[in-house]
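Trainee: please work out how this folds:
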Amino acid sequence: MMHWLEDPSASALKLRNAMQIGVWHLAQWRLLESLIGEKKPRPVAPGNHSVSPVILPDFLPALIVRGQEWYFLTITRAGRKTILWQEIHFGTTRDIVGVY
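Mentor: Got it, this is the predicted structure:
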């Protein structure tokens, strides 16, 4: 049996991580869609006969911690496509200033 350590390039690792996040969020979108399919419209207020529609959120948030760097990204849906938007760096734990 052979064992080896893989040292992927930073860009290959980033792509693989993005694909994994996409898979996880696709599963979350599908779960939300299935839950909405099971929900029945409910009255907005007692005595009010209009109903509150059950809708999906516009996006799902994701927080990524890569080493000491923190990133935020959003995942949206366009039809049957899951779209990962570019991550935004919002913090670091390298120094005290980056934490706040």
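
Trainee: ranges for the strands of the chain?
Mentor: Applying DSSP state E to the chain gives strands spanning 42-43, 51-52, 60-66, 69-78, 81-84, 88-92.

Trainee: show me which helix runs longest in this structure.
Mentor: Secondary structure of the chain read by DSSP state H shows that its longest helix is helix 10-38.

Trainee: by how many degrees do it and strand 69-78 diverge?
Mentor: Here helix 10-38 runs at 50 degrees with respect to strand 69-78, directions being taken by axes from the mean of the first three to the mean of the last three C-alpha atoms, to 10 degrees.

Trainee: which helices and strands does helix 10-38 pack with?
Mentor: Of the remaining helices and strands, those touching helix 10-38 by 3 or more C-beta pairs under 8 Å, 6 or more residues apart in numbering; DSSP states H and E are strand 60-66, strand 69-78, strand 81-84. The way it works is simple: take the backbone N, C-alpha and C, and place the C-beta from them, glycine included.

Trainee: using CSV, write down the CA coordinates of the last one.
Mentor: As requested, C-alpha coordinates have been extracted for strand 81-84 and formatted as CSV (Å, rounded to 0.1, in the frame of the first residue of the first chain):
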residue,chain,number,x,y,z
LYS,A,81,-27.6,26.7,-11.1
THR,A,82,-25.8,27.4,-7.8
ILE,A,83,-23.5,30.5,-8.0
LEU,A,84,-20.7,31.1,-5.6
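
Trainee: and the longest helix of the chain, average pLDDT?
Mentor: Here helix 10-38 scores 84 as its mean pLDDT.

Trainee: and of the helices and strands packed on helix 10-38, who's closest to Pro53?
Mentor: When the helices and strands packed on helix 10-38 are ranked by proximity to Pro53, the top entry is strand 69-78, at 17.0 Å, counting by C-beta to C-beta.
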